[in-house]
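In: Here is my input; please provide its structure:
(2 chains)
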Amino acid sequence: MRNLCLSRENCLPRRVGLTLGVSSRPGLQWSVANCLLCTMLLCMTLLCTMTGCGQSRLPAPTPDSEAAIALRASLASDSAGGAGGSEVVSTGTGWGTLTGRFVFVGSPPAAKQLIVDKDTAVCTAEGRKLFDQSLQVDEATGGLANVVVFARKVSRVKEREMPEEPLVFDQKVCEFLTPVFAARVGQPIDVRNSDPIGHNTNVSGTSFNQLIPAGEGTLFTPARETGMPTMVTCNIHPWMKAYAVFREDGYVAVTAADGSFTIPDLPAGEEVELQVWHERSTGPNGALAADMPELGWSSKGRFTVTLEADGTTDIGEVQIPASAVGS
Amino acid sequence: MTHFLPFLVTAMNRHSTFMCRNRFSLSPVALVLTVCGSLLFVSGCGKTPAASFRPNMVEAAKQRLKPEQEEQVATILEAMFGTPDNPIAMPETGLDIGKLRLAAGPVHSDIVGRKNGLFREHCSHCHGVTGDGMGPTAAFLNPYPRDYRPGWFKFKSTERADKPTHGDLVTILNNGIYGTSMPSFELLGEAKVDALVEYVKYLSMRGEAELNMMRYFFELDDEDEGKLPETRDFLVEEILLPVAERWQEAEDAVIEVPEMPEVDLAESIAMGKELFYGNKANCVKCHGVTALGDGQANDYDDWNKVVKQWSDEVQSSHEVSTKEMSREEKAEHREYLARADKALAGDALEPRTIQPRNLRQAIYRGGRRPIDFYYRIHAGINGAPMPAAAGTLTPDEIWHVVNYIRSLPYEFDGELGADRSMVARDRL
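Out: Below you'll find the model as predicted:
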């Protein structure tokens, strides 16, 4: 800026000073104009710095205070009825089986190698490597494994006995053997550890985070539904990860290695809405998107079918594009 | 900002004078300065609006809520919980409005000369007006101040997933938390501490209700048109009560602690040591062979994990190819990512890994009484990776581990650790 003022050539022409009407004395205009320029530049810089008084945060919504007062009054009186979430009314009879298959379209990205920095004598013995299991595509058939399908709301539930044998959820060589598993609420789960080292199993969203000694097991009985699947981790070996889904009615399935799933005993003769989830899905809360308008597939990963009684309804192949799962 | 102005004027005058070799008239500069100065005033950095609760923007962005959905949640919350200056306690919460009023609002004396606004005076600079653990000082503290909104509390006498009792929170306020920035508030006296604990519960219930509502948008059926039902059945029975009841049930969820077994202390310590290093209790895996807390350096507590996982997810979504998307999908995807980045930058603190406790320093955050150790080992620590030992260890075995841990800070140097002796440096 000093240079600006020291040489006439660099300075603003007289006219600027005149136009600004700052001074009419000859010989002064250029310097005045220059100083003006300097000052303005300085002020601008200052202003720019200061416009950032607040961080650039997301704008917060403003509550509607009048509506809040009205709502408060209506909540205080019991008069405001109507249940939250609509109940499904039964319109059909009999029970049917739903089946289908998920197929991954395109070539799946290579699985990332996990960083194993603990208990390497057991976990990565003899140069073994552990890989991220979140996207398992069957090489031969393109089937997408570990997709969860469950009924959102059903009008009636077929009475089936709670399996007495506990569902086995095992871990071996520092990996969960079932990366995604489903159980009924109240069904005992045998959380096992087949390693010579200790693990802990932490089912988020539940009260269960338990030490599992080497070669032993602990029973865990889920007490509440999970909604979308919940994460299961081992805190001692943080790379270990699995997902669990618990449903009251037991209408839930996890796709097998070839991408197929079967849910038996669903109410037939009426619309049943199903929810689809995959760990790597880019949709909200893991909801898996598919281009199947004939099933009314929504962006929330839901579709609707009407099953035929005493038969099997096949929704066919559901194609999952590579863009539906994160890289 | 205004206090910069005199300095500015002087500095610029000097500068200008030097540069322009006295052939300089002051008036235009003064004119410009005046304009700039008034601009500064107008830009209004110094204005203080009435305190308001900050919505959980991280969850809102994560659940991809629309502006009208965010507004609905904010309005429902104001209906059920009021504002920071004027709290509301619905009877279902079981909260005492008298205590809440003492703690809420700006710092002021009421008509009988009693001081109000205790939370803002003593707590909000760290825990934030909203209780989101994002007060102005939060980013500078390690560990970060507690975010009450998910409703998880670490140091308590109840089973892992249960809420703390009123007494548990009073103990924390009275004792402070050793090894953290949380000081003791015992000098405030019983009534004020009591009021603050009530207010913490209020903020926690409010935060949890907010989370539940924001997550419920995903559960809505299509015919609900993205709007939560504003009925008593939904808002009170399904949103508020499940949270409030768990606070009320806490008093009945206190862990039963059996007597310490009558074993010689040295023997008990020896058995505890065996468990500590053994494959059954496995303490060594995280607390380290030296018990210096160096066994596990790359795990997160639940508060940080939520942020970390989502930010990883957003990061990988940034890399998703948008080639196959339609124009609307692309716009939606971009909008989601832009909001996600902003929420993570402005409404969340940089995620930090959690350190397993160094057991040789004799600094115990949850209290140093033997019974505190028992609670921690029995139930684990809610929100932290520390798992529960109850069911895996017998109560007697838990007591042995308690005794061993209590002996650790005083253990003879030469005998420390499984495979390396402790040197003085390690203590630092």
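In: what's the distance between residue A:123 and residue B:189?
Out: 54 Å (CB to CB, to the nearest Å). (Glycine included, C-beta is placed from N, CA and C.)
In: Please list the residues of the stretch 101-250 of chain B that sit near chain A.
Out: Neighbours of chain A within the stretch 101-250 of chain B, by CB under 8 Å from any CB of the partner chain: B:159-162, B:218-223, B:228-238.
In: Can you turn the buried part of those into a ChimeraX selection?
Out: A single ChimeraX command suffices to select whichever of these are buried according to 16 or more other CB atoms under 10 Å in any protein chain shown:
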select /B:159,160,161,162,218,219,220,228,229,230,231,232,234,235,236,238
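In: can you give me phi and psi for residue A:231?
Out: phi -80, psi 140 (degrees, to the nearest 10).
In: That one touches residue A:201, doesn't it?
Out: No. Using CB atoms under 8 Å, residue A:231 is not in contact with residue A:201; the gap is 11.3 Å.
In: quick one, which of the two is more surrounded?
Out: residue A:201 (27 against 15; other CB atoms under 10 Å in any protein chain shown).
In: My assumption is that that one lies in a helix; please confirm.
Out: No. Residue A:201: not assigned to a helix; according to DSSP: H, G, I helix; E, B strand; the rest coil it is strand.
In: that older thread, now, which of the residues of the stretch 101-250 of chain B next to chain A lie within helices?
Out: B:218, B:219, B:232 (DSSP state H).
In: so the second one makes contact with residue A:225?
Out: So the one you mean is residue B:219. No. Shown here, residue B:219 and residue A:225 do not form a contact pair, counting by CB under 8 Å, at 11.2 Å.
In: Name the residues contacting each of the two.
Out: Common neighbours of residue B:219 and residue A:225 are not found (criterion: CB atoms under 8 Å, 6 or more residues apart in numbering or on different chains).
In: Can you point out the helix or strand that includes the residue nearest to residue B:348 when sequence neighbours are not counted?
Out: Here the nearest residue to residue B:348 in space, its sequence neighbours aside, is residue B:307; by CB to CB, 6 or more residues apart in numbering or on different chains that works out to 4.6 Å. Residue B:307 is part of helix B:302-318 when elements are defined by DSSP states H and E.
In: next one: residue B:299
Out: Judged by DSSP H and E, residue B:299 forms part of no helix or strand.
In: measure it to residue B:286 for me?
Out: Taken as CB to CB, the span from residue B:299 to residue B:286 is 8 Å.
In: out of these two, which sits in the busier spot?
Out: Taking other CB under 10 Å, residue B:299 and residue B:286 do not tie; residue B:286 has more neighbours (23 against 20).
In: quick one: that one from residue A:281, how far?
Out: Counting by CB to CB, the gap from residue B:286 to residue A:281 is 32 Å.
In: Repeat that for residue A:272.
Out: Separation of residue A:272 from residue A:281 (CB to CB): 21 Å.
In: More neighbours: those two, which one.
Out: residue A:272 (25 against 19).
In: Now render the ones in helices among the residues of the stretch 101-250 of chain B next to chain A as TSV, adding pLDDT.
Out: Putting those into TSV (pLDDT from 0 to 100) gives the following:
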residue	pLDDT
B:218	93
B:219	91
B:232	92
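In: where does the stretch 301-428 of chain B have low pLDDT?
Out: Scanning the stretch 301-428 of chain B for pLDDT under 70 picks out the ranges B:412-428.
In: which sections of chain A are below the confidence cut-off?
Out: A:1-33, A:35, A:38, A:43-55, A:78-86, A:327.
In: Is there contact, residue-wise, from the strand or helix carrying residue A:210 to chain B?
Out: Element membership for residue A:210 (DSSP H and E) is strand A:209-212. Yes. Using CB under 8 Å from any CB, strand A:209-212 reaches chain B at A:209, A:210, A:211, A:212.
In: what are the bridge partners for the first one, then?
Out: So that's residue A:209. Under the criterion DSSP bridges, residue A:209 forms beta bridges with residue A:202.
In: what's the neighbour count on it?
Out: 25.
In: Relative to residue B:160, how far out is it?
Out: 7 Å.
In: got any residues that touch both of those two?
Out: What both residue A:209 and residue B:160 touch, as defined by CB under 8 Å, 6+ apart, is the set B:380, B:388.
In: tell me the contacts of the nearest residue to residue A:238 once chain neighbours are set aside?
Out: Of all residues not flanking residue A:238 in the chain, residue B:299 sits nearest, at 4.7 Å (CB to CB, 6+ apart). Going by CB under 8 Å, 6+ apart, residue B:299 touches A:235, A:238, B:286, B:353, B:354, B:385.
In: Find me the pLDDT at residue B:299, would you?
Out: We have a pLDDT of 91 for residue B:299.
In: Now do the SS call for residue B:279.
Out: Residue B:279 ends up coil, using three-state DSSP.
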